[in-house]
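# Let's see this in three dimensions:
(one chain, ligands or ions: 2)
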Amino acid sequence: MSNIGKSTNILWHDCPIGQPERQKLLGQKGCVIWITGLSGSGKSTVACALSRELHYRGHHTYVLDGDNLRHGLNRDLSFKAEDRTENIRRVGEVAKLFADAGTICIASLISPYRRDRDACRALLPDSRFIEVFMDLPLELCEARDPKGLYKLARTGKIKGFTGVDDPYESPVNSEALAPESVQYCLGPAYSN
Ligand SMILES: Nc1ncnc2c1ncn2[C@@H]1O[C@H](COP(=O)(O)OS(=O)(=O)O)[C@@H](OP(=O)(O)O)[C@H]1O
Ligand SMILES: Nc1ncnc2c1ncn2[C@@H]1O[C@H](COP(=O)(O)OP(=O)(O)O)[C@@H](O)[C@H]1O
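Residues are numbered from 1 along each chain as shown. Ligands and ions are numbered 1, 2, ... in the order given. Okay, here's the model as predicted:
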């Protein structure tokens, strides 16, 4: 019996059908592709394009998008620092479950704090977590401003907007979305 966080006297329960069996059935290895960057940097666009391309190549994918998750699972969270941290922690755990299920999980969130992203990375073996940094200058994201949020932030109508009056810590150890990294997750079929 162990105590984990606030849970006491809990015991891990294993099932006879595990990750290897699921992977074999699906013909792929699950992994997490974590896309981070400022609002407007193109995270959701890349996440959906990647999901579409992989889908048409016969791979199971699922997109976890920050905006969408805040409509449900994370609707109780605000944009203050501790809530952003809890947001990323929850999504990291959910992404890990998707990967364990054998799915290529594409998570697309601002995830502004390096420590929070690293904590998600630590949940998976090295090759199963691919961090993708949408490295766009703030000026370009702000010029796009598809939802008009930067404008609201600049005029003080939104407080604590990432890049304007809230921090964004760029990754120092992100993987490029190199074919090798993706291929490891997908197996040889990806090169077809
Ligand atoms: N204060 C503030 N700062 C940043 N973003 C804000 C804020 N308020 C609302 N939004 C909208 O919320 C989307 C980001 O949600 P995330 O869950 O990805 O954010 S975080 O990872 O918890 O920082 C983000 O979506 P994207 O533009 O797709 O990044 C915004 O549309
Ligand atoms: N590679 C790109 N070149 C030009 N515009 C892009 C590109 N990727 C995304 N966009 C546009 O930028 C805006 C923000 O993209 P989005 O994917 O919603 O960003 P994020 O999810 O990071 O907020 C959208 O209007 C989108 O059409």
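
# pLDDT at residue 182, what is it?
Confidence at residue 182, expressed as pLDDT, is 50.

# Need the residues that contact stretch 59-77.
The contact list for stretch 59-77 (CB atoms under 8 Å, 6 or more residues apart in numbering) reads 26, 28, 43-44, 47-48, 50-51, 54-55, 83-84, 86-87, 90-91, 94-95, 98, 102-111, 186, 189-190. (Glycine included, C-beta is placed from N, CA and C.)

# The same query, at a cut-off of 7 Å, please.
By CB atoms under 7 Å, 6 or more residues apart in numbering, the list of residues contacting stretch 59-77 from outside reads 26, 28, 44, 47-48, 51, 54-55, 83, 86-87, 90-91, 94-95, 98, 102-110, 186.

# now do stretch 122-133
With contacts defined as CB under 7 Å, 6+ apart, stretch 122-133 is touched by 31-37, 92, 96, 99, 117, 121, 170-171, 174-175, 177, 181, 184.

# For burial, what's the neighbour tally of residue 20?
Look at residue 20: counted by other CB atoms under 10 Å, it has 10 neighbours.

# for residue 48, same thing?
15.

# hang on, the earlier thing: could you write me a ChimeraX select line covering just the buried ones among the contacts of stretch 59-77?
Only the buried members of the contacts of stretch 59-77 enter the following ChimeraX selection, criterion being 16 or more other CB atoms under 10 Å:
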select :26,28,44,47,51,54,86,87,91,94,95,98,102,103,104,105,106,107,108,109,110,186
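
# which among the contacts of stretch 59-77 are in contact with ligand 1?
Filtering the contacts of stretch 59-77 for neighbours of ligand 1 using CB under 6 Å from any ligand atom leaves 44, 87, 109, 110.

# Can you give me the distance of the last one to ligand 2?
Spelled out, that is residue 110. When distance is defined by CB to the nearest ligand atom, to the nearest Å, residue 110 is 8 Å away from ligand 2.

# Next: the first one.
Here the criterion is CB to the nearest ligand atom. By it, residue 44 lies 3 Å from ligand 2.

# follow-up on the earlier one: what's the farthest-apart pair in the ones next to ligand 1 among the contacts of stretch 59-77?
Looking at these by CB to CB, the two members farthest from one another are 44 and 87, with 15.7 Å of separation.
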